[in-house]
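Asks: please find the sequence and the predicted model below.
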Protein chains: 2
Amino acid sequence: MASIFWVEDQSHWIKKFSPVLEREDFDGKPNSLTILNFAEAARQKIALTDKDSPPDVALLDARMNGNDQAGFTVSTALRKKWPRLPIIYLSEHSGTEIEREALEQFSAQDFIAKHQHNVEQVLCWRIKAALRQASLDTDLTATVNVVNSGDLTIDLNTWNVYWKGQRLMNPSNARRPLAPTPRKLLRELVQSSPRPLTAIQIADRLDLDPEKFSYASYRQHIKTLRRAFDAVEDGEGRFTELCNNGEGIVTFGDEGAYLWKPPGGKSA
Amino acid sequence: MASIFWVEDQSHWIKKFSPVLEREDFDGKPNSLTILNFAEAARQKIALTDKDSPPDVALLDARMNGNDQAGFTVSTALRKKWPRLPIIYLSEHSGTEIEREALEQFSAQDFIAKHQHNVEQVLCWRIKAALRQASLDTDLTATVNVVNSGDLTIDLNTWNVYWKGQRLMNPSNARRPLAPTPRKLLRELVQSSPRPLTAIQIADRLDLDPEKFSYASYRQHIKTLRRAFDAVEDGEGRFTELCNNGEGIVTFGDEGAYLWKPPGGKSA
DNA sequence: AGCCGCTGTGAAAAATCGGTGAAAAATAGA
DNA sequence: TCTATTTTTCACCGATTTTTCACAGCGGCT
C-alpha cells in the first residue's frame, strides 16, 4: 500500500487528481490518500502521526492561500520528522524562484508544473520514480533468495541446503557440502513439486548434455540425496524409509520420473 | 568538480545549454562537460571510461537522429557500467509515452521538457537536486572509502589492503604492493560476501573482457591473494590452511566460483 | 514358475575440478 | 625502444564428482 500525504488548498485540483491517485497502481496494493487543505492542518496531522509509520511520499503545493511559504513550512515539518521522506511539489509556478527554492533549499525530490499536458499521468509516473528511488536507498543490502518447502530450505545465495535446521552434507564425506549436481537437482524437484520430473526434463533444466545424463545417473543422484537426508536424521535410513512410504523423494510411475513430496504435510 | 556526461544531437541545444552548464556552480569547483553527438559515440565513450571514475550525472535526449530509442540504448549502457549514476532526460516530448518509458522502464532520475520557461535555470536546479540525492545514497553505503570485513580493511583511496593491521604485499616481491587485479578481485569478493562469484561474474564486475578472463586466470589470482595473506601471517601457509578449512577465500564447488568467508567468525 | 521392466545398490571407471609451477603474452614505465 | 611487472596460458597432479556397469529385489504378467 502506497500512502500519500497531500496538502492542497484548491478543491478543483483535489477533484482532478484524487481519483487518479487513488486508482493508480503504485505497488500492487490500494493506496491510502491523506488530503489536508491547510498548512496548519498538515502540521497537526504530522505531529499526530506515529514516527514509525511515515507516509511513502508527500505532495505539496508551495504557495497556498496566498502565502508563498506555506508549502515550505510543511516541508520543514515533514523533513524534521522523516528526513528521508520524498517530497514532491505540485505547483502552478514552474521555472520560477519557487521551483528553485523547492529544489535547492528544501531538497524537493521533484517539482511538477500543474499546467502541463497530461499532468495526471506525469504525476503518477513521477511518484513511482520517487518511490523507486526511496526503496533503492533502503534495499541496498537486502535481497535474500531462498527456496522453501516445509522443513527444507535452500539458500540460493550460499547454496546451502538445510533440512530441519541442519545443513545437508555430502554423504560420502560429512565434512564436505552437498555436491553441485545433487543440490541443483533437489532444487528443481522442489520447485516443480508436485509435478514429477523425468531424467530428460532434469537434464534440460540443469542445462546438462542430454546424451550424457542418463536415467542411471539420475538414480545415483537421488541416492546421494536420500543419504544426505538420512545423515541429518541422525539414525539409520529414516529418510529412505520415508521415501518408501511415499513421502520425500519418491518415484513416479513411468519414464523414471521422481517427485518431491514435502514430508509430514499430510500424515503428520 | 561536477563531471557531466551529455548526449545531444542538435547543435542549437548544445549552444543554448553548454555555457550555462559550464558556468553554473554545482559544487564549488569548475565543471567538466563531455558532449557526444551520437548514441554510438556515447557508447564508445562509456566503454573507454574507467569504471572507477564515473561521471557525476548524465544528460540524455531520448529521441535522437529520428530514433525514439537512441537515448535509451545509451541509458542501458550507462546503467550497466554505473548502476547508481543519476540519469536526467532532456526532451521535447514531455507528458508523452517517452516520458513514461524514461521514468518507469529506464529508471530516469528526472525528465525535463526542453520547451519551458527558463529551461536553463530549471536544468541547473534539477542537476543539483540529482547530485544531492546521489551523494545521499553514497553517504549511506560507504561513509568513508573503506571496505571492511573483520580483520580485513580495503582503503579505496590508496587501494591499500590491510589484514590484521598489516599491509598485504605482492607475494612475488614483498616490497611491492598487491597487483591491481587481485586487489580488485578481493574487493568484489568481500563486497558480495556471502555470495560466491564465478569467473564470469568477476569479469563482468571488473569490466574485463569475458573472453580473456578465464577460470584459469581466476584461480591464479586467488592463489596470489592467498599467498599475500600467508605472507602477513608470518609463518608458512597459515592462511591457505584456513582456506582448506572453509574460511577466508574458499571455493564453492560449482562453475568455478569463489567466496569470501570472514575468518575467525566461529572457530576464533 | 519364468520372464519381463522398473528401482535400488555397490564398486569401479571416467570426467571434472582446484591447486600448482613455469613460461608465454600483454601491459606499463622509463 | 627496451625493461620491469602484471596477467594469461599451459601442462600436470591429486582429489572430488559424475557416470557407467553389473547385479539384486520386487511386482506384474503369461
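Replies: Received it, and whenever you're ready, just let me know what you need.
Asks: okay, CA-based contacts and neighbour counts for the rest of this
Replies: Noted.
Asks: what element comes up after the host helix or strand of A:I14 heading to the C-terminus?
Replies: In this assignment (DSSP states H and E), A:I14 forms part of helix A:11-23. Helices and strands here follow DSSP H and E; after helix A:11-23, the next one along the chain is strand A:32-36.
Asks: quick revisit: contact partners of the helix holding A:I14?
Replies: Defining contact as Cα atoms under 8 Å, 6 or more residues apart in numbering or on different chains, one finds that helix A:11-23 is touched by A:8, A:30-33, A:120, A:124.
Asks: and it, what's buried?
Replies: A:14, A:17-18, A:21-22 (16 or more other Cα atoms under 10 Å in any protein chain shown).
Asks: on that earlier part again, rank the contacts of helix A:11-23 by pLDDT and give me only the lowest.
Replies: Ranked by pLDDT, the contacts of helix A:11-23 bottom out at A:P30, which scores 77.
Asks: which ones are touching that residue?
Replies: When contacts are counted by Cα under 8 Å, 6+ apart, A:P30 touches A:1-2, A:22-23.
Asks: flag whichever of those residues scores worst on pLDDT.
Replies: Here the lowest pLDDT out of the contacts of A:P30 sits on A:M1, with 72.
Asks: quick one: the strands in the stretch 51-200 of chain A, in order.
Replies: A:57-60, A:87-91, A:110-113, A:146-149, A:152-155, A:161-163, A:166-167, A:169-170, A:173-177 (DSSP state E, counting those that start in this stretch).
Asks: before we move on, the earlier item: could the contacts of A:P30 go into JSON lines alongside distance to DNA strand D?
Replies: As requested, those are exported to JSON lines (distance: Cα to the nearest atom of the strand, whole Å):
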{"residue": "A:M1", "distance to DNA strand D": "44"}
{"residue": "A:A2", "distance to DNA strand D": "45"}
{"residue": "A:E22", "distance to DNA strand D": "52"}
{"residue": "A:R23", "distance to DNA strand D": "51"}
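Asks: nearest to B:D254 among those?
Replies: Closest to B:D254 out of the contacts of A:P30 is A:M1 (40.3 Å), distances taken as Cα to Cα.
Asks: if we ignore the residues flanking it in sequence, what's nearest that closest one?
Replies: Closest residue to A:M1 apart from its sequence neighbours, by Cα to Cα, 6 or more residues apart in numbering or on different chains: A:K29 at 4.7 Å.
Asks: for A:P54, same thing?
Replies: Counting by Cα to Cα, 6+ apart, A:P54 lies nearest to A:W82, which is 6.9 Å off, once chain neighbours are set aside.
Asks: thinking again about what came up before, show me which of the contacts of helix A:11-23 are buried.
Replies: Neighbour-count burial (16+ other Cα under 10 Å) applied to the contacts of helix A:11-23 gives A:8, A:31, A:120, A:124.
Asks: can you list the residues of chain A near DNA strand C?
Replies: Applying Cα under 7 Å from any atom of the strand, we find that chain A lies next to DNA strand C at A:216, A:219-220, A:223, A:240, A:244, A:250-257.
Asks: returning to that earlier point: DNA strand D versus the residue nearest to A:M1, what's the distance?
Replies: Taking Cα to the nearest atom of the strand, to the nearest Å as the measure, A:K29 falls 43 Å from DNA strand D.
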